[in-house]
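Novice: A predicted structure for the sequence below; I have some questions about it.
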Amino acid sequence: MTFRGRVREAIGMPPILLVVEVFLALAILRNLNMFGIEAFIIDYDAGIFLKPFVLIVITVVSSVFAVLTMFGLPSSNRFSWRSAVRTIVFLMISNILYEFLGETYLNILSLQDVLLFSAACLVIMFLPAIREYYVPPLKEMPPLKWWLMFCLIRPDDKHHRYEFQEN
């Protein structure tokens, strides 16, 4: 068995998915930093409560999504794959919103770093070997168009469903 095969057997998933897990951990760290800044350093004299409230809600929601994705990523369930792609896109949108609202004092990762890592993680998630990992056993790999539709909506899943046929 090759080194790559031993690593995959030891961690139970393709080794390249560790890059996605590290990115999600960094995103959680960035969200915790943002939550700490917004929750504990609020200027109540300014009378601006909506902006900190929105940022706190977004950081909590994106952190919960990231944690759930990290737990589901090693499973070979295709819904975990869809959750990972949706979480990465949500993290991109939330970090753009942080910059739009003027929160530039975060020093963990800059917006460009987050967008670069997010794009790299999306490319990793769409690699054929990774998509194949999330296909049920004894089923053919759907085309890329099916995976894109699977991210957006729930397509008709007849060829991935297990059905009993009466003879």
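Specialist: Received it, and whenever you're ready, just let me know what you need. Numbering: from 1, shown residues only.

Novice: Report the residue spans of the chain with pLDDT below the cut-off.
Specialist: 1, 3-11, 41-48, 102-108, 155-167 (pLDDT under 70).

Novice: ok, which stretches of it are strands?
Specialist: Taking DSSP state E as the criterion, the chain carries no strands.

Novice: Could I get the full set of helices for it?
Specialist: 3-11, 17-40, 50-72, 78-100, 111-125, 128-133, 144-152 (DSSP state H).

Novice: Dump these into JSON lines; add mean neighbour count as well.
Specialist: C-beta: built from backbone N, CA, C; applies to glycine. As requested, the helices of the chain are exported to JSON lines (neighbours: other CB atoms under 10 Å):
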{"stretch": "helix 3-11", "mean neighbour count": "11"}
{"stretch": "helix 17-40", "mean neighbour count": "18"}
{"stretch": "helix 50-72", "mean neighbour count": "17"}
{"stretch": "helix 78-100", "mean neighbour count": "19"}
{"stretch": "helix 111-125", "mean neighbour count": "16"}
{"stretch": "helix 128-133", "mean neighbour count": "14"}
{"stretch": "helix 144-152", "mean neighbour count": "14"}
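
Novice: Need phi/psi at residue 134.
Specialist: Taking degrees, to the nearest 10, you get phi -100, psi 10 for the backbone angles of residue 134.

Novice: Wait, it touches residue 77, no?
Specialist: Yes - at 7.0 Å, residue 134 counts as touching residue 77 under the criterion of CB atoms under 8 Å.

Novice: Alright, calling it a day.
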